[in-house]
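>>> my questions concern the predicted model and sequence given below.
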Amino acid sequence: MADNVIESDIDFIKDVTRLGGSSLKKCYQCATCSVVCSLSSDEKPFPRKEMIWAQWGLKDRLLSDPDVWRCYQCGDCSVYCPRGAKPGEVMGAIRNYSFRHYAFPGFMGKALGSAKYLPLLLAAPVILFLIILAHLGNLSSVPAGDIVFAKFLPHLYVDPIFITVSVLVAAATAIGITRFWKNMNKNNLQGKQYGKTSIVNSIVLAAEEVLTHNKFKKCDANNIRYSGHLIVFYGFLALFAVTTIVFFGLYVFGLELPLKLTNPVKILANIGAVALITGCTIAVYNRLVRKDKSGESYYYDWLFLIVLYAIGITGLLTELVRLSGYASAAYWSYFVHLVLVFFLIAYFPYSKFAHLIYRFAAIVYARYAGLSEPVAETTSETIETKNVA
Ligand code: SF4
Ligand code: SF4
């Protein structure tokens with residue numbers, strides 16, 4: 001019997017309201033949202049059920065609900081909601097809450113969720129790199145001669161910092177995802193067996209969805225969001241690939257930096273940076289100019305977007321200034337770029353950046369547990385027949 005007790009969490013309702021779900025009380029359960037959502041399945045529609053769960057403060061159900069992560073916040077449902085309850089934003093707010101809930105250590109989740117901790121979070125890498133510069137005597141004057149960033153902040157100092165941070169972040173992310181998976185298992189299977197799809201096949205299907213954005217593409221009212229997200233995603237992947245190649249190039253093949261502009265790795269880096277800036281520009285435009293379609297933006301949204309944008313801009317700027325020969329400007333631009341990269345990596349499990357891994361886990365789980373069936377194209381016919389009971 002104890003399993004059937006519904007526990008309402010009032011603080012959870014307040015938190016979801018603060019994190020972007022301020023309109024959730026307006027919902028009167030008409031189900032229009034579940035009908036218009038092209039990602040929602042007939043067997044297990046969303047986001048209507050999430051709206052009532054959020055109104056009731058059913059925190060456990062929502063935090064273990066893979067459907068929360070199958071939503072790409074395209075806004076189709078918010079546009080059609082007759083009550084202005086903005087279900088797309090409520091789903092986003094629940095995801096924002098999840099970053100904090102599954103965070104390890106917990107205080108980091110709290111820190112990333114509030115603007116008042118931002119100066120402290122930024123100060124950590126700034127102070128760290130300033131100490132290294134002071135130790136090397138590069139604080140008062142930058143190295144003379146050719147502009148080579150390794151003379152300013154040598155790999156010997158920077159790489160161990162990033163390797164250590166990456167290992168800690170990987171461990172923290174694994175703990176968060178394990179908690180999430182266990183929670184989904186506890187609340188969704190309840191003694192039942194997994195579905196018929198193997199875990200490997202589930203991973204392959206999830207990877208296909210993430211890499212092709214094939215579900216995101218179905219978004220209608222705000223499809224510019226799909227374009228921006230896709231460009232940012234591939235820009236980031238290109239830069240990640242470049243970082244990995246350069247790292248192994250340095251330590252295994254004795255690669256010398258800086259790379260020539262005609263080097264294929266350099267070309268890929270520049271394409272990645274331009275893509276990142278272009279995609280972020282689309283995202284910022286969408287959030288600022290098309291508010292009626294994209295909905296309101298909140299701290300979590302802006303923090304991640306601005307950091308990503310600033311990384312793209314400072315990366316490109318650093319290269320341009322280096323090529324123009326202004327040593328001081330090039331070195332300090334590199335410093336800012338490095339601080340931002342540290343911010344992105346070190347705080348990955350607690351920022352909106354973590355949606356990448358939580359969404360992937362939720363899609364894999366939904367497939368593996370047999371909770372997600374192939375979604376049919378939404379047509380006027382399916383809108384009429386969709387089971388929203
Ligand atoms: S369309 Fe709006 S009012 Fe209707 S169920 Fe969805 S959120 Fe609630
Ligand atoms: S925001 Fe888009 S994907 Fe999310 S529930 Fe609404 S219609 Fe579906």
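Nice, thanks for sending it over. Ligands and ions are numbered 1, 2, ... in the order given.

>>> which residues of the stretch 51-200 of the chain lie near ligand 2?
Cys71, Tyr72, Gln73, Cys74, Gly75, Asp76, Cys77, Pro87, Gly88, Met91 (Cβ under 6 Å from any ligand atom). Just so you know, the C-beta spots here come from the backbone N, C-alpha and C atoms, and that holds for glycine as well.

>>> ok, which pair from these is furthest apart?
Tyr72 and Pro87 (12.8 Å; Cβ to Cβ).

>>> about what we covered before: of the residues of the stretch 51-200 of the chain next to ligand 2, which are in range of ligand 1?
Answer for these near ligand 1 (Cβ under 6 Å from any ligand atom): Pro87.

>>> quick check: buried residues in stretch 33-50?
33-41, 44-50 (16 or more other Cβ atoms under 10 Å).

>>> what's the average pLDDT for that stretch?
Averaged over stretch 33-50, pLDDT sits at 90.

>>> can you point me to the longest helix in the chain?
helix 155-188 (DSSP state H).

>>> what does the next helix or strand after that helix contact?
Later in the chain than helix 155-188, the nearest helix or strand by DSSP states H and E is helix 199-212. Identification of contacts with helix 199-212 by Cβ atoms under 8 Å, 6 or more residues apart in numbering yields Thr197, Asn214, Lys215, Leu356, Arg359, Phe360, Ile363, Val364, Tyr365, Arg367, Tyr368.

>>> looking at those, which is nearest Met108?
Nearest to Met108 out of these is Leu356 (Cβ to Cβ; 17.3 Å).

>>> where does the chain dip in pLDDT?
1-5, 191, 373-389 (pLDDT under 70).

>>> how about the residue nearest the centre of it, nearest residue that isn't a chain neighbour?
Residue closest to the average C-alpha location in the chain (Cα atoms, centre = their mean): Phe353, at 2.8 Å. Sequence neighbours aside, Phe304 is the residue nearest to Phe353 in space, at 5.5 Å (criterion: Cβ to Cβ, 6 or more residues apart in numbering).

>>> same check, this time on Val169
According to Cβ to Cβ, 6+ apart, the nearest residue to Val169 is Phe348 (5.3 Å).

>>> out of Tyr72 and Pro87, which sits in the busier spot?
Counted by other Cβ atoms under 10 Å, Tyr72 and Pro87 do not tie: Pro87 has more neighbours, with 33 against 25.

>>> could you chop this protein up by domain?
Here the domain parsing of the chain from automatic domain parsing is 2-102+374-385, 106-368.

>>> just say which of those domains is most tucked in.
domain 2-102+374-385 (a mean of 19; mean count of other Cβ atoms under 10 Å).

>>> chain center to that domain: distance?
19 Å (Cα atoms, centre = their mean, to the nearest Å).

>>> now Asn222: how far from Asn188?
Distance from Asn222 to Asn188, counting by Cβ to Cβ, to the nearest Å: 29 Å.

>>> oh, that last question was meant for Ser333, not what I typed.
Ser333 is 48 Å from Asn188, by Cβ to Cβ.

>>> can you tell me what sits against stretch 27-40?
Residues outside stretch 27-40 that contact it (Cβ under 8 Å, 6+ apart): 45-49, 51-52, 55, 67, 70-72, 76-78, 80-83, 85, 87, 215, 218-220, 375, 377-378, 383, 386, 388.

>>> can you rerun that using 7 Å?
With Cβ atoms under 7 Å, 6 or more residues apart in numbering as the test, stretch 27-40 has contacts from 45-48, 51-52, 55, 70-72, 76-77, 80-83, 85, 87, 215, 218, 220, 375, 378, 383, 386, 388.

>>> stretch 214-232 now?
So stretch 214-232 is contacted by 38-39, 72, 74-76, 79, 209, 213, 275-276, 278-280, 282-283, 286, 293-294, 308 (Cβ under 7 Å, 6+ apart).

>>> hmm, try it at 6 Å
38-39, 72, 74-76, 79, 209, 213, 275, 278-279, 282-283, 286, 293-294 (Cβ atoms under 6 Å, 6 or more residues apart in numbering).

>>> off-centre distance for stretch 347-357?
5 Å.

>>> same question for stretch 228-237.
Per Cα atoms, centre = their mean, the centroid offset for stretch 228-237 relative to its chain is 11 Å.

>>> close to ligand 2, is that stretch?
No: if you take Cβ under 6 Å from any ligand atom as the test, stretch 228-237 misses ligand 2, and the best it gets is 12.4 Å.

>>> with only the CA atoms kept, save that stretch in CSV.
C-alpha atoms of stretch 228-237 as CSV (Å, rounded to 0.1, in the frame of the first residue of the first chain):
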residue,chain,number,x,y,z
GLY,A,228,20.4,26.6,-34.0
HIS,A,229,20.7,23.5,-31.8
LEU,A,230,22.0,21.3,-34.6
ILE,A,231,24.6,23.9,-35.7
VAL,A,232,25.8,24.4,-32.1
PHE,A,233,25.9,20.6,-31.5
TYR,A,234,28.1,19.9,-34.6
GLY,A,235,30.2,23.0,-33.9
PHE,A,236,30.9,21.7,-30.4
LEU,A,237,31.6,18.2,-31.7
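
>>> just want the residue of the stretch 151-300 of the chain that's nearest ligand 2.
Cys219 (5.9 Å; Cβ to the nearest ligand atom).

>>> and ligand 2, which of the buried residues of stretch 33-50 contact it?
Filtered for proximity to ligand 2 (Cβ under 6 Å from any ligand atom), those shrink to Cys37, Leu39, Ser40, Phe46, Pro47.

>>> and which of the residues you listed is nearest to ligand 1?
Distances from ligand 1 to these, taken by Cβ to the nearest ligand atom, are shortest for Pro47, at 6.8 Å.

>>> give me the distance between Pro160 and ligand 1.
50 Å (Cβ to the nearest ligand atom, to the nearest Å).

>>> what does Leu237 give?
34 Å.

>>> ditto for Phe342
Applying Cβ to the nearest ligand atom to Phe342 and ligand 1 gives a distance of 40 Å.

>>> quick one, the helix or strand where that residue lies and helix 155-188 angle?
Applying DSSP H and E as the criterion places Phe342 in helix 327-346. Angle, helix 327-346 to helix 155-188, by axes from the mean of the first three to the mean of the last three Cα atoms, to 10 degrees: 30 degrees.
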